[in-house]
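>>> compute the structure for the input listed below.
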Amino acid sequence: MSTTPAPILDTPDERAWTLPVYAQLDLHPLRGDGAWLEMDDGRRVLDMYGGHAVASLGYAHPRLVAALRDQVERLTFQSNLLPLELRARACAALARFAPPGLDRVFLVNSGAEANENALKLAFGQPGRTRIVAVEGAFHGRTAAAAAVTWGSEKWYGFPQQPFEVSFVSPRDLAALDHLVGEDTAALIVEPVQGVAGALDLPAEFLAAARRATRDAGALLIFDEVQCGMGRTGRPFAADHYGITPDIITTAKGLAGGFPAGAVITTAQLAAELKIGELGTTFGGGPMACAAIETVLAVIRDENLLERVRVLSAQIRESCLVGPVRSIQGAGFLLGLVCSRPAREIQAELLEHDILAGTSADPRVLRLLPPLTLETEHVARLAAALAEIAP
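The predicted structure is shown next:
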């Protein structure tokens, strides 16, 4: 009798089996190593996009591999019904990584879920029924997260908006005092807008946001799903501005590729919660906690924040060549503003075996490389851009 397993697919094309909601490139990775992806045809591609900023330690980092292998042999899952020492360690490490005063953590599975729960926390304040959000922002595609996303008609497929939302321009400081009032539950802000094209918001706007929310008794939420976890060269983008929000949400690179998100807030807000107000089945599971703890340890032990700052400066200095007219953003969340459509530059970089991302701005190519990037990778990117026509 043959022991060869019967084929279960008559085509390896995932489009035959999945919902048609993603625009995909014609690349088929089998494995990754550091900043490199190996395709099914043996081609090696330098990944300067990191799976939307998820691969914070690159691919197959030995410490992350070892931690997950060890944990899968110990305990793959247990719900939040039972306390776990590993969960306590992961949450403590994340709280210590966050700005002082943000020392309570709720673990979830994604950035959208983190933002949903942060908004739910904000609405726990009696009489506050409105959220203020920022033009250009992206917070997710679930109901509440989509409601506070700019241009929600693009993402919002629900029959009605779940609550009132007002949008403010990050260039209109005077409007903040007008929009943030007694009925405002929270102002939600991406300090560096990722999908918009790696736009770092003006420091004076963020300072005004903190002042306006404090004066009105509203919460300030920093959505650091994409820009957090060391990506800007500081633990969180909030650290660049000396501003401590009431809540930080994060995900993407939090667990180095394992699905995880977090809401980080104050002990005061945590004390107002009742059992059952927030919940998740898979959030804070043992595998995610092992990954979170390891990512934070590697960032510390390998001095990755300094690496991000140094190599980000090298990118800014060496990559203003070819079609690149300017560079915006912070750390390893960078937008290369191009003289031609970014999708054209993306395709031409692929001819040099380099993967970059695009953004909502058709002129901006997005870079979200692993925090473990090396100088030779920056040199390779700069050389490729120099060979591309302006």
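
>>> residue ranges of each domain in the chain, please.
Domain assignment for the chain by automatic domain parsing gives 14-61+303-386, 64-301.

>>> and those as CSV, adding mean pLDDT and mean neighbour count?
Where you see a C-beta, it was placed from the backbone N, CA and C, and this is true even at glycine. Shown next, in CSV, are the domains of the chain (pLDDT from 0 to 100; neighbours: other C-beta atoms under 10 Å):
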stretch, mean pLDDT, mean neighbour count
domain 14-61+303-386, 97, 18
domain 64-301, 97, 20
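
>>> state the helix or strand in which I264 lies.
strand 261-265 (DSSP states H and E).

>>> for the helix or strand that that strand is followed by, packing partners?
Tracing the chain past strand 261-265, the next element assigned as helix or strand by DSSP H and E is helix 267-271. Judged by 3 or more C-beta pairs under 8 Å, 6 or more residues apart in numbering; DSSP states H and E, helix 267-271 is in contact with strand 104-108.

>>> who does the strand it packs on pair up with?
strand 261-265 (antiparallel) (DSSP bridges).

>>> span of stretch 228-237 from start to end?
Terminal residues of stretch 228-237 are spaced 6 Å apart (C-alpha to C-alpha, to the nearest Å).

>>> now do it: distance to the chain's middle.
10 Å (C-alpha atoms, centre = their mean, to the nearest Å).

>>> ok, P191 touching A237?
Yes. Taking contacts as C-beta atoms under 8 Å, P191 lies within contact range of A237: 3.8 Å.

>>> which residues do the two both contact?
Residues touching both P191 and A237 (C-beta atoms under 8 Å, 6 or more residues apart in numbering) are 200, 222, 224, 227.

>>> ok, now how distant is the last one from G233?
Distance, C227 to G233, using C-beta to C-beta, to the nearest Å: 10 Å.

>>> now swap in L311 and tell me
Where G233 is concerned, L311 sits at a distance of 9 Å (C-beta to C-beta).

>>> repeat for V148
Distance of V148 to G233, computed by C-beta to C-beta: 27 Å.

>>> by contact count, what packs against whichever strand or helix holds L68?
Assigned by DSSP H and E, L68 belongs to helix 62-74. Using 3+ C-beta pairs under 8 Å, 6+ apart, the elements in contact with helix 62-74 are helix 286-301.

>>> chain center to the helix it packs on: distance?
16 Å.

>>> ok, now stretch 133-151?
14 Å.

>>> now do stretch 305-318
Centroid separation between stretch 305-318 and its chain, computed with C-alpha atoms, centre = their mean, is 19 Å.

>>> next, show the common contact partners of C227 and G233.
What both C227 and G233 touch, as defined by C-beta under 8 Å, 6+ apart, is the set A330.

>>> if we can go back for a sec, what sits in contact with each of L311 and G233?
Common neighbours of L311 and G233 (C-beta under 8 Å, 6+ apart) are F332.

>>> can you tell me the element P369 falls in?
Per DSSP H and E, P369 falls between elements, in no helix or strand.

>>> OK, contacts around L30?
Going by C-beta under 8 Å, 6+ apart, L30 touches 38-40.

>>> can you give the distance of the one helix or strand it maps to from its chain's centre?
If you go by DSSP H and E, L30 is part of strand 29-33. Computed by C-alpha atoms, centre = their mean, the chain-centroid distance of strand 29-33 equals 21 Å.

>>> and F97, what does it touch?
Taking C-beta under 8 Å, 6+ apart, we find F97 in contact with 235-236, 296, 299.
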